[in-house]
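Visitor: this one's structure only:
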Ligand code: EPZ
């Protein structure tokens, strides 16, 4: 298993480029199952979760051609409308194929995802949404089987709670359902908007993506299209936190500042100076001391749960007590215990973490427990005295493209030990 070795204390300086958004690329790839024609997606990040989704599409019978960041998928015929356990167990987002397969084939068989480091993460909302479109669903032998032999029928769906991939799954089912579907309490994440943009290029009729009510008028078939994935807002936020914690002068390029409103506001509150040298760049510097800032994670446009761990690492270097409240996942503080091993003063109280700073971090051997927790340990390692050794970096490889190469390019002393 690979590790990262980081020598902390070097301010990050220069420009660092972001990749395409993993969480946008995943549903976009799943959407390719909705048509027999070729779909070409650009700015697909070559990260492990994407490779898993590509294997899933191939398993279904699609042809997948990868040319750098351009990926062309043609699902001329779907041979196996299913997501087998060995793929689903490595990536929960595999459930994103449930909606498109049910819509295209009238049946889908998807392994039920098991537990996950950050919480229970059930897919009951995906299932009941599909039932509202007329699918019959059975669970047996660890698989969910959806059947709609006469095709799906549009309907009213009101999600009990906001779910990002649940909204995406339903959207992909509704575009080929007969009649109109109205999705209430839909997720408003930029990744949902990006998926809708792709589906519209493929011929879908969708209104309201980016708001909490999405209306879809089903069409008989979709066609091929070309689409460029949005920049990764979570990778952007991760780099901004890294620039700030090292008190560097870092410009993140190729990003979409509008997708990071709540995060940028909290960075400012913490004393980070933020400039936008261009429409697609954000520059961070820290002119004085970092100050504590409280954060409550929320659905978009609130503060993203996927940036909570990175912000916690930053708050270990801020004066005062920061209260971080996690409302989306019940167990997303695994990084706190590892940060504490590096000298951070953090107390956990249910869904709240109290971070008292500023503390001196010292390099230690730590273990990455999930994707964003790993990112927070990298950030902490960049600010710590001495060497930090991060074990199980396969978690970070799931969602960050060559993070060590990118960070080394702006001065970080980080290397991968294979
Ligand atoms: C997406 O996961 C992201 N993944 C996650 O990013 C992100 O943390 C999460 O949204 C929240 O923003 C992808 O886009 C591939 P949810 P998703 O359904 O869709 C509960 C990362 O680090 N829920 O919006 O699975 C659920 O347990 C990953 O890149 C149900 O109860 O999250 C959670 O408490 C991690 N039943 C809440 O809803 C369901 O059927 C929101 O989860 C579905 C969800």
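Guide: Ah, there it is. These figures come from a predicted structure and were not determined experimentally.
Visitor: What residues does the stretch 101-250 of the chain have near the ligand?
Guide: Within the stretch 101-250 of the chain, the residues that sit near the ligand (CB under 6 Å from any ligand atom) are 119-126, 161, 163-166, 191. To be clear about C-beta, it is placed using only N, CA and C from the backbone, and glycine gets the same treatment.
Visitor: same thing but 8 Å
Guide: Taking CB under 8 Å from any ligand atom as the test, the list of the stretch 101-250 of the chain residues beside the ligand reads 118-127, 160-168, 187, 189, 191, 234.
Visitor: The residue nearest to residue 363 when sequence neighbours are not counted: neighbouring residues, count only.
Guide: Distances taken as CB to CB, 6 or more residues apart in numbering place residue 386 nearest to residue 363, at 3.7 Å, with adjacent residues excluded. By the criterion of other CB atoms under 10 Å, residue 386 has 14 neighbours.
Visitor: and what of the one 4 residues further on?
Guide: Burial measure for residue 390: 26 neighbouring residues, criterion other CB under 10 Å.
Visitor: Would you mind pulling up the elements that the helix or strand where it lies packs against?
Guide: Take DSSP states H and E as the rule and residue 390 turns out to sit in strand 387-391. Helices and strands in packing contact with strand 387-391 are listed as strand 3-7, strand 365-367, helix 371-383; criterion 3 or more CB pairs under 8 Å, 6 or more residues apart in numbering; DSSP states H and E.
Visitor: Now find how far off-centre stretch 342-356 is within its chain.
Guide: Its chain's C-alpha centre lies 24 Å from the corresponding centre of stretch 342-356 when counted by CA atoms, centre = their mean, to the nearest Å.
Visitor: Is there proximity between it and the ligand?
Guide: No - applying CB under 8 Å from any ligand atom, one finds stretch 342-356 out of contact with the ligand, separated by at least 11.3 Å.
Visitor: coming back round to it: which of the helices and strands packed on strand 387-391 is buried the deepest?
Guide: Of all these, helix 371-383 carries the top mean neighbour count, a mean of 28, counting by mean count of other CB atoms under 10 Å.
Visitor: May I have the beta-bridge partners of residue 82?
Guide: Taking DSSP bridges, one finds residue 109 as the beta-bridge partners of residue 82.
Visitor: shouldn't it be in contact with residue 109?
Guide: Yes - when contacts are counted by CB atoms under 8 Å, residue 82 is listed as touching residue 109 (3.9 Å).
Visitor: which residues are common contacts for those two?
Guide: Taking CB atoms under 8 Å, 6 or more residues apart in numbering as the criterion, residue 82 and residue 109 both touch residue 143.
Visitor: can you tell if the helix or strand of the chain with the lowest mean pLDDT touches the ligand?
Guide: Across the helices and strands of the chain, the lowest-confidence element by mean pLDDT, DSSP states H and E is helix 85-88, at a mean of 89. No - using CB under 8 Å from any ligand atom, helix 85-88 stays clear of the ligand, with a minimum separation of 12.5 Å.
Visitor: and the next helix or strand after that helix, what other elements does it pack with?
Guide: Helices and strands here follow DSSP H and E; after helix 85-88, the next one along the chain is helix 98-105. Under the contact definition 3+ CB pairs under 8 Å, 6+ apart, helix 98-105 sits against helix 22-31, strand 107-111, helix 124-132, strand 143-147, helix 164-174.
Visitor: Just checking: what are the partner strands of the fourth one?
Guide: Right, strand 143-147. Sheet partners assigned to strand 143-147 using DSSP bridges are listed as strand 107-111 (antiparallel), strand 136-140 (antiparallel).
Visitor: Work out the gap between it and the centre of the chain.
Guide: On the basis of CA atoms, centre = their mean, the separation between the geometric centre of strand 143-147 and that of its chain is 25 Å.
Visitor: avg pLDDT for the very next helix or strand once past that strand?
Guide: Using DSSP H and E, the helix or strand that directly follows strand 143-147 along the chain is strand 156-158. If you average the pLDDT over strand 156-158, you get 98.
Visitor: buried stuff in strand 156-158?
Guide: Buried residues in strand 156-158, defined by neighbour count with 16 or more other CB atoms under 10 Å: residue 157.
Visitor: so what does it touch, helix or strand wise?
Guide: For strand 156-158, the elements it packs on are helix 124-132, strand 180-184, judged by 3+ CB pairs under 8 Å, 6+ apart.
Visitor: hmm, try it at 10 Å
Guide: Judged by 3 or more CB pairs under 10 Å, 6 or more residues apart in numbering; DSSP states H and E, the packing partners of strand 156-158 are helix 124-132, helix 164-174, strand 180-184.
Visitor: partners of it, with directions?
Guide: By DSSP bridges, strand 156-158 pairs with strand 180-184 (parallel).
Visitor: Can you name the element that comes right after the strand it pairs with?
Guide: Later in the chain than strand 180-184, the nearest helix or strand by DSSP H and E is helix 190-201.
Visitor: circling back to that earlier point, for ChimeraX, write the select line for the buried members of the residues of the stretch 101-250 of the chain next to the ligand.
Guide: Here the buried members of those are turned into a ChimeraX selection, burial being counted by 16+ other CB under 10 Å:
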select :118,121,123,125,126,127,162,163,164,165,166,167,168,187,189,191,234
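Visitor: Quick check: neighbours of the strand holding residue 390 in the sheet, parallel or antiparallel?
Guide: Sheet pairing here is set by DSSP bridges, and for strand 387-391 it gives strand 3-7 (antiparallel), strand 365-367 (parallel).
Visitor: could you pull out the helices for the stretch 201-350 of the chain?
Guide: Counting by DSSP state H, counting those that start in this stretch, residue ranges of the helices within the stretch 201-350 of the chain are 233-245, 261-269, 308-315, 334-341.
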